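Asks: here's a sequence, model it:
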Amino acid sequence: MNKDFTNPGQVGSGVRRLWPLWAASFGSTAVLAAPIDQCVAIDDDAQRLVCYDRAAGRPLALPLPAASGPDIDRAERSGSPALPKVDAAGESSIRPLLSTVWELDAVDKRGTFNMLPHRLTYMLPVRYTTRVNALPSSPTPGHSVDNALPIDSTEAKFQFSFKFKAWQNMLGDNGDLWFGYTQQSHWQMYSGAVSSPFRETNYEPELIVSLRTEAELLGWRWRALNLGLVHQSNGRPLPLSRSWNRVYAQFGIERGNFTVLARPWLRFREKAESDDNPDIGSYYGSGDLRLAYAHNGHLFSALGRYSLSGKRGGLQLDWAYPISGSMKGYLQFTSGYGESLVDYNHAQNTIGLGVLFVPWQ
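Replies: Numbers count the residues shown, from 1 in each chain. Model prediction:
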């Protein structure tokens, strides 16, 4: 029987060593400072005040006394970051503006080499699957498991993700170069009989050029165009090695508390003898589409992938709800193919419950 599992003791100690860094980096995202010298050149009063508040480290999430007004309306039209508003029930909420995520407007620029959130950072102590993948396979010779692996249907799953800007304003006052990194792990924490191994870990570094756009149709604003180069692999020896490389274009649009991110991609071709998963595009999809809605501290998100050639794909539904500070309770449901790389051609339904430390980006 092939038991090619990572040593859990070593991985566990690594998690313990890195956890203070993750907590310090991702524990609070309410205030992110901007260089104060950039505030002076801003003509709009509301944007300039927000910029000075950011530079001083003052929280921006205080409710305003009214839902509208010339300063607020003008700031919202110009894309200023996360201005609070008051709804009909008198409760304040903050719009999930793409400018604050990708630093599109001058007021949101924070300079280079600051570690910032990228994608979801979460911990699911309990995640259950309806169908374990005990015999991972691939069409490439030597890439399929012959004897069933001892996999439990209940495991833990966690992910951390960050990005930093390496080059700001590549094209005059537009265009930033980002480096992003995401790591997702599936931990057979409850399989004590086989020493609770890490079943799968996926590593995903990427380079992203983010461009500010400005177009509007039927109340929706196209705010961002991201061009990315991404590698994803699981770092496993044969027969469990899986990897691929892609280029993508991501289109970010928003309206009120709704944000939509559409990302078609193209895979780089590889030599047949070195391709771990030649049919991954038929299962994993030709792109993904995310719809997110934020309201009163709750976040609802749907991420879908679909393959035009294989007519397969996957769906992930997320609900995050307030617990304390920036930490939120988190419920995740997935269905279909590709929850992890080793499961790229394996269909299953999963549900997990845990904590979200940093919301989606």
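
Asks: where does pLDDT dip in the stretch 51-200 of the chain?
Replies: 54-96 (pLDDT under 70).

Asks: the residue nearest in space to the middle of the chain and residue 42, how far apart?
Replies: Centroid check for the chain by Cα atoms, centre = their mean gives residue 119 as the closest residue, at 2.0 Å. Computed as Cβ to Cβ, to the nearest Å, the residue 119 to residue 42 distance reads 30 Å. All C-beta atoms are positioned from the backbone trio N, CA, C, and that covers glycine.

Asks: so what does the strand or helix carrying residue 180 touch, helix or strand wise?
Replies: In this structure, residue 180 sits in strand 176-187 according to DSSP states H and E. Other elements packing on strand 176-187 under the criterion 3 or more Cβ pairs under 8 Å, 6 or more residues apart in numbering; DSSP states H and E are strand 154-167, strand 198-217.

Asks: quick one, which of the ones you listed is packed in tightest?
Replies: Across these, averaging neighbours per residue (mean count of other Cβ atoms under 10 Å) puts strand 154-167 on top, at a mean of 20.

Asks: alpha carbons only: can I get that strand in CSV?
Replies: Output in CSV follows, covering the C-alpha atoms of strand 154-167 (Å, rounded to 0.1, in the frame of the first residue of the first chain):
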residue,chain,number,x,y,z
THR,A,154,-14.0,13.8,8.2
GLU,A,155,-10.9,16.0,8.3
ALA,A,156,-9.7,19.5,9.0
LYS,A,157,-9.1,22.1,6.2
PHE,A,158,-7.3,25.4,6.4
GLN,A,159,-6.1,28.1,4.0
PHE,A,160,-3.9,31.2,4.3
SER,A,161,-3.3,33.8,1.6
PHE,A,162,-1.4,37.1,1.3
LYS,A,163,-0.2,39.5,-1.4
PHE,A,164,2.2,42.4,-1.6
LYS,A,165,2.8,45.1,-4.2
ALA,A,166,6.2,45.0,-5.9
TRP,A,167,5.8,47.9,-8.3
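
Asks: so the residue nearest to the centre of the chain sits against residue 181, correct?
Replies: No. Using Cβ atoms under 8 Å, residue 119 is not in contact with residue 181, being 9.6 Å away.

Asks: overlap in contacts, those two.
Replies: Between them, residue 119 and residue 181 share these contacting residues under Cβ atoms under 8 Å, 6 or more residues apart in numbering: residue 161.

Asks: quick one: secondary structure of residue 100?
Replies: Per DSSP: H, G, I helix; E, B strand; the rest coil, the secondary structure class of residue 100 is helix.

Asks: just the angle for the strand holding residue 180 relative to strand 154-167, thanks.
Replies: Interaxial angle of strand 176-187 relative to strand 154-167 (axes from the mean of the first three to the mean of the last three Cα atoms, to 10 degrees): 170 degrees.

Asks: partners of strand 176-187 in the sheet?
Replies: Applying DSSP bridges to the sheet, strand 176-187 is found paired with strand 154-167 (antiparallel), strand 198-217 (antiparallel).

Asks: for the helix or strand hosting residue 333, list every residue counted as buried.
Replies: Using DSSP H and E, residue 333 maps to strand 327-336. Buried residues in strand 327-336, counted by 16 or more other Cβ atoms under 10 Å: 328, 330, 332, 334, 335, 336.

Asks: pull the distance from the very next helix or strand once past it to the chain's centre.
Replies: Sequence order places strand 348-358 as the next helix or strand after strand 327-336, per DSSP H and E. In terms of Cα atoms, centre = their mean, to the nearest Å, the centre of strand 348-358 is found 13 Å from the chain centre.

Asks: can you check stretch 282-289 too?
Replies: Taking Cα atoms, centre = their mean, one finds stretch 282-289 lying 16 Å from the centre of the chain it belongs to.

Asks: same check, this time on stretch 327-344
Replies: Distance of stretch 327-344 from the chain centroid (Cα atoms, centre = their mean) equals 12 Å.

Asks: what do you get for stretch 275-290?
Replies: Distance, stretch centre to chain centre, for stretch 275-290: 18 Å (Cα atoms, centre = their mean).
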